[in-house]
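>>> how would this look folded up:
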Amino acid sequence: KVDEFVMDDFNLSMTFNVELSEQVRNIIKTEEIREINFPDLIISDENNIVLFCTSGNQYDEFSKENNLEYKWEEALNNGKVIGSGVNIVPIVREGNQVKIVYNIYTGGNSSYPKSKKLKLKMNQIKISKKEKSNGNEEITLTGDWNFEIDVPEKMYNRTTEMYTQKNTTNDDYKVTTAALYDTGMKISLEVQSEKPLERPTSQEWEFYKTLDE
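Coordinates of the predicted model:
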């Protein structure tokens, strides 16, 4: 199950709670687990937009199952699939439970839709005593896990405040976009110099809020 999650335009962070059977814990103790992941996890919304999947073949199978008309490449280009990366972190190993955080994020100019429902599907759970086991897992659980999550109104009715760069003391950088969300801020920079640059300090930037006309 998913204990909690946060979703905005660019991030989808989910805390999964995996309950291990006694049979599994006879093979690998909970405290020994260093890596756990869902290699065929696919996350979609009520409009069959795919927010996360691991391969084009996986999407094509999803498209076929849901009678959709798009293949992988076309779906990427028209927003039916959101190009996403992921960082996976085990955070709790206790008793018969392991909690894992899936920090999923968009790439490029992609953004997540304002989904009201998320649908999760997976058929495998891989568990290992080693980090980055790369196919050498001690256990691969197989099954048919399908469930849905209702997205809170605050998340699908999320708002964005846009800012415009007013001035700077460092001409090597130009801020092209600055957007403030309920869960964070995203800034895009244009680099004006060919030489190696140091990271700018917050004192070098000044913004004013872009008001809606």
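
>>> can we go C-alpha only for contacts and neighbour counts from here?
Will do.

>>> And the residue nearest to residue 116 when sequence neighbours are not counted, how far from residue 117?
Closest residue to residue 116 apart from its sequence neighbours, by Cα to Cα, 6 or more residues apart in numbering: residue 151 at 4.9 Å. Going from residue 151 to residue 117 by Cα to Cα, to the nearest Å gives 5 Å.

>>> quick one: the strands in the protein?
Here the chain has its strands, by DSSP state E, at 2-7, 11-19, 35-37, 42-45, 50-52, 84-94, 97-106, 117-128, 139-150, 161-168, 173-181, 184-191, 205-209.

>>> Paired strands for the first one, with orientation please.
Each strand that pairs with strand 2-7, with its direction, by DSSP bridges: strand 11-19 (antiparallel).

>>> The residue nearest in space to the middle of the chain: what's it in contact with?
Nearest to the mean C-alpha position of the chain, by Cα atoms, centre = their mean, lies residue 104 at 1.3 Å. Residue 104 is in contact with 11, 12, 13, 52, 84, 85, 86, 87, counting by Cα atoms under 8 Å, 6 or more residues apart in numbering.

>>> same thing but at 10 Å, please
7, 10-14, 51-52, 84-88 (Cα atoms under 10 Å, 6 or more residues apart in numbering).

>>> repeat for residue 87
Neighbours of residue 87 in contact, by Cα under 10 Å, 6+ apart: 13, 101, 102, 103, 104, 105.

>>> what about the closest residue to residue 113 other than its chain neighbours, how many residues close to it?
Using Cα to Cα, 6+ apart and skipping residues adjacent in sequence, the residue nearest residue 113 is residue 9, 7.0 Å away. The number of residues packed near residue 9 is 22, by other Cα atoms under 10 Å.

>>> you'd agree residue 9 is up against residue 181?
Yes: Residue 9 lies in contact with residue 181 (Cα atoms under 10 Å); the separation is 8.2 Å.
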